[in-house]
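**Q** predicted coordinates and the sequence they were generated for:
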Amino acid sequence: MPPTKRPLGEKKTPAVPEPAELSPRDHPTSPSGLRGAGPTSPSGLPTSLFELRGTSRGAGRRQPQKDEGETLSPRDHRRLGAELDLFIIDPMVGSGLPLWLPKGATIRRELERFIIEEELRAGYLHVITPHLGKAELYETSGHLPYYKDTMFPLMKVEGEEFVLKPMNCPHHIRIFQSRPRSYRDLPMRIAEFGTMYRFEKSGQLMGLTRVRGMTLNDAHIFCREDQIEAEIVKTLELIRRVYQTLGLTDYWVDLALHDPKNKKKYADNIALWEQSEAALRSALQHAGVKFTEAVGDAAFYGPKADIQMKDVAGHTFTVSTIQLDMLLPERFGIEVTNEEGKAERPVIVHRGVIGTHERFIAFLIEHFNGLFPLWLAPIQVRVLPVSQSAVAYATRVADALRDGGLRAELDESNETLPKKIRSAEVQKIPVMIVVGEKEQQGNTVTLRAHGGKNLGVKSLADALAFLRERVAQKSLTLG
Ligand SMILES: [Zn+2]
């Protein structure tokens, strides 16, 4: 079904951009399944403005279910997360604060490595910023006065006030401003896996999709007006590469534009608005991405492109967003020196590729039904000796695989081979290597893919080369 377009709510304009990872339209359905305008904060803005981007927009979306013994669909990421030991939510640690177990952390690390490699190739500069910032920082950005309700409360130490950061933009802006910049420094692409904290009501929390602490694949591109289009094209290309590697080709873009009739809301910088929107549209056309335009859907500080996808349940969700911002540069007084030696104000492009890692991995768990492609699988290979007499050789095989950089483990149990296979199947391990006397004598291994496909008998060296190649290629299949 088409996404519901919900207006920004109050006429009053917020004093701060909707950050790249957030969307006012992502408010969840009410328990009745109806989509309302949502509660409003004292500022008059919908509190949903602060919600995590990436929640489902479709009606009939799953609601948080807290009852013990609730029945979750076999593909639900919460159920798979428990069955496959990917993550837990511990009441003593706190609701909405997932703990990534070794297997879940492995998936996340491999995904993050991949993103970093792609970003390095695309000219991003990675930074690391703290999880806290002074209240003053978020007063300057405008977050504190307007979104205090959805931030964790202020902490006072030595007469200064701090907040857990609700987004990364201000920290990145201060890095940009840490020295005088010239037009030659532009475009500058500052990236980080930034961890942020949002106060969400406990009743709203759900698995990895609605959390209170989240890490965003975040970046801020500082560029000149005439660089916007090229930067959007590059961003769309990065997104395409990442999604394609994961086998995700069915996505589209909702392009939110300003309403030229609403002079009051978009009073300033009409020329820049028009130029930015033309740049976004042209970049989308250039990239060959399906998109729809929605006039009047833009926030007051800039147009944006939301990248949309459907999850396995058929619900549309926003994976990520590319957002132009003409406001934060003004609030922080960001300037570069141009060719004439004069001060010039750059534009900021806020962009994500996979959105928050929590939400995206929840999606991937369901998308792959827990059976991750080899390069992402927490355990890539399990070695199954057919009998106790084959354990010594199986140990050598497992060691050789680990030495070769694969995540391999050995099943040393006293179970029968069919039971060992069954156990590896249940754990959704992509490859099983079966070894017995015959293999030991020939220094070979028998490879079996999850699901039963026979990958043949190979020498240990060939098997290792075969698997390493599949990992290096990030192949989605083993055949
Ligand atoms: Zn941002």
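**A** Noted; the coordinates are in hand.
**Q** what's around the residue in the stretch 201-350 of the chain that the ion sits nearest to, how many residues?
**A** Nearest residue of the stretch 201-350 of the chain to the ion: residue 350, at 3.5 Å (C-beta to the ion). In short, each C-beta sits where N, CA and C put it, glycine included. Residues lying near residue 350 (other C-beta atoms under 10 Å) number 26.
**Q** could you look up the SS state of it?
**A** Here residue 350 is recorded as strand under DSSP: H, G, I helix; E, B strand; the rest coil.
**Q** measure it to residue 234 for me?
**A** 15 Å (C-beta to C-beta, to the nearest Å).
**Q** helix or strand: which one has residue 475?
**A** Using DSSP states H and E, residue 475 falls within no helix or strand.
**Q** residues touching it, list them.
**A** Residues near residue 475 by C-beta atoms under 8 Å, 6 or more residues apart in numbering: 373-375.
**Q** ok so, going back, so what sits opposite the residue of the stretch 201-350 of the chain closest to the ion in the bridge?
**A** Here residue 350 sits in beta bridges with residue 220, residue 323, going by DSSP bridges.
**Q** residues near the residue in the stretch 151-300 of the chain positioned nearest to the ion, how many?
**A** In the stretch 151-300 of the chain, no residue comes nearer to the ion than residue 169, which is 3.4 Å away by C-beta to the ion. Residue 169 has 25 neighbours, counted by other C-beta under 10 Å.
**Q** lowest-pLDDT helix or strand in this structure?
**A** Using mean pLDDT, DSSP states H and E, the weakest-scoring helix or strand in the chain turns out to be helix 143-147, at a mean of 82.
**Q** gap between that helix and the chain center?
**A** Put simply, helix 143-147 sits 24 Å off its chain's centre (C-alpha atoms, centre = their mean, to the nearest Å).
**Q** check which residues of it are buried.
**A** Within helix 143-147, the residues that qualify as buried by neighbour count (16 or more other C-beta atoms under 10 Å) are 143-144, 146-147.
**Q** swap in stretch 451-463?
**A** Buried residues in stretch 451-463 (16+ other C-beta under 10 Å): 455, 458, 460, 463.
**Q** now find how far off-centre stretch 394-412 is within its chain.
**A** 31 Å.
**Q** what's in contact with stretch 259-266?
**A** 13, 258, 270, 273, 295-296, 298, 300.
**Q** one more time with 7 Å
**A** Residues outside stretch 259-266 that contact it (C-beta atoms under 7 Å, 6 or more residues apart in numbering): 13, 258, 273, 295-296, 300.
**Q** follow-up on the earlier one: wait, which of the buried residues of helix 143-147 is closest to the ion?
**A** Using C-beta to the ion, the buried residues of helix 143-147 come closest to the ion at residue 143, 10.7 Å.
**Q** ok, residue 412 - contacts?
**A** residue 391 are the contacts of residue 412 under C-beta under 7 Å, 6+ apart.
**Q** give me the three-state assignment for it.
**A** Once three-state DSSP is applied, residue 412 turns out coil.
**Q** distance-wise, check it relative to residue 382.
**A** For residue 412, the distance to residue 382 (C-beta to C-beta) stands at 11 Å.
**Q** residue 333 now?
**A** 58 Å.
**Q** more neighbours, these two?
**A** Using other C-beta under 10 Å as the criterion, residue 333 and residue 382 rank with residue 382 on top: 24 against 11.
**Q** what's across from the more buried one in the sheet?
**A** residue 409, residue 432.
**Q** so it touches residue 430, yeah?
**A** No - Residue 382 lies out of contact with residue 430 (C-beta atoms under 7 Å); the separation is 9.4 Å.
**Q** strands along the stretch 151-300 of the chain, start to end?
**A** Under the criterion DSSP state E, counting those that start in this stretch, strands of the stretch 151-300 of the chain are mapped to 155-157, 160-164, 188-197, 213-223, 252-257, 291-295.
**Q** please identify the most buried of those strands.
**A** Stretch with highest mean neighbour count among the strands of the stretch 151-300 of the chain: strand 213-223 (a mean of 24; mean count of other C-beta atoms under 10 Å).
**Q** quick one: secondary structure of the residue nearest to residue 345 when sequence neighbours are not counted?
**A** Leaving aside its chain neighbours, residue 345 sits nearest to residue 329 (5.2 Å; criterion: C-beta to C-beta, 6 or more residues apart in numbering). For residue 329, the secondary structure call by three-state DSSP comes out as helix.
**Q** and for the one 4 residues further on?
**A** Classification of residue 333 using three-state DSSP returns coil.
**Q** distance of it from residue 413?
**A** Residue 333 sits 65 Å away from residue 413, taking C-beta to C-beta as the criterion.
**Q** kindly report the same for residue 209.
**A** 35 Å.
**Q** and the two? which has more neighbours close in?
**A** A count of neighbours by other C-beta under 10 Å puts residue 209 above the other of residue 209 and residue 413, at 26 against 11.
**Q** surely residue 329 meets residue 348?
**A** Yes - proximity of residue 329 to residue 348 meets the contact threshold set by C-beta under 7 Å, at 5.8 Å.
**Q** so those two - more neighbours on which side?
**A** residue 348 (27 against 19).
**Q** what number of residues lie near the closest residue to residue 256 other than its chain neighbours?
**A** Leaving out its chain neighbours, the residue that sits closest to residue 256 by C-beta to C-beta, 6+ apart is residue 297, at 3.7 Å. Residue 297 has 21 neighbours, counted by other C-beta under 10 Å.
**Q** for stretch 99-112, C-alpha coordinates in CSV please.
**A** Once non-C-alpha atoms are left out, stretch 99-112 reads as follows in CSV (Å, rounded to 0.1, in the frame of the first residue of the first chain):
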residue,chain,number,x,y,z
LEU,A,99,23.3,-6.3,23.9
TRP,A,100,24.9,-7.8,20.8
LEU,A,101,26.1,-11.3,21.4
PRO,A,102,29.2,-12.6,19.7
LYS,A,103,27.3,-13.9,16.7
GLY,A,104,25.2,-10.7,16.3
ALA,A,105,28.3,-8.6,16.8
THR,A,106,30.1,-10.5,14.1
ILE,A,107,27.3,-9.8,11.6
ARG,A,108,27.5,-6.1,12.6
ARG,A,109,31.3,-5.9,12.4
GLU,A,110,31.4,-7.5,8.9
LEU,A,111,28.7,-5.2,7.7
GLU,A,112,30.5,-2.2,9.2
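**Q** can you pull the contacts of residue 347?
**A** Here residue 347 is in contact with 223, 225, 228, 324-326, 329 (C-beta under 7 Å, 6+ apart).
**Q** considering those, which possesses the most neighbours?
**A** With neighbours taken as other C-beta under 10 Å, the top of those is residue 324, carrying 30 neighbours.
**Q** returning to what we had before: need the buried residues of helix 143-147 in a markdown table with distance to the ion, can you?
**A** As requested, the buried residues of helix 143-147 are arranged in a markdown table below (distance: C-beta to the ion, whole Å):
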| residue | distance to the ion |
| --- | --- |
| 143 | 11 |
| 144 | 16 |
| 146 | 15 |
| 147 | 13 |
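**Q** can you add distance to residue 186 and give these back as CSV?
**A** Formatted as CSV, the buried residues of helix 143-147 follow (distance: C-beta to C-beta, whole Å):
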residue, distance to residue 186
143, 25
144, 29
146, 29
147, 29
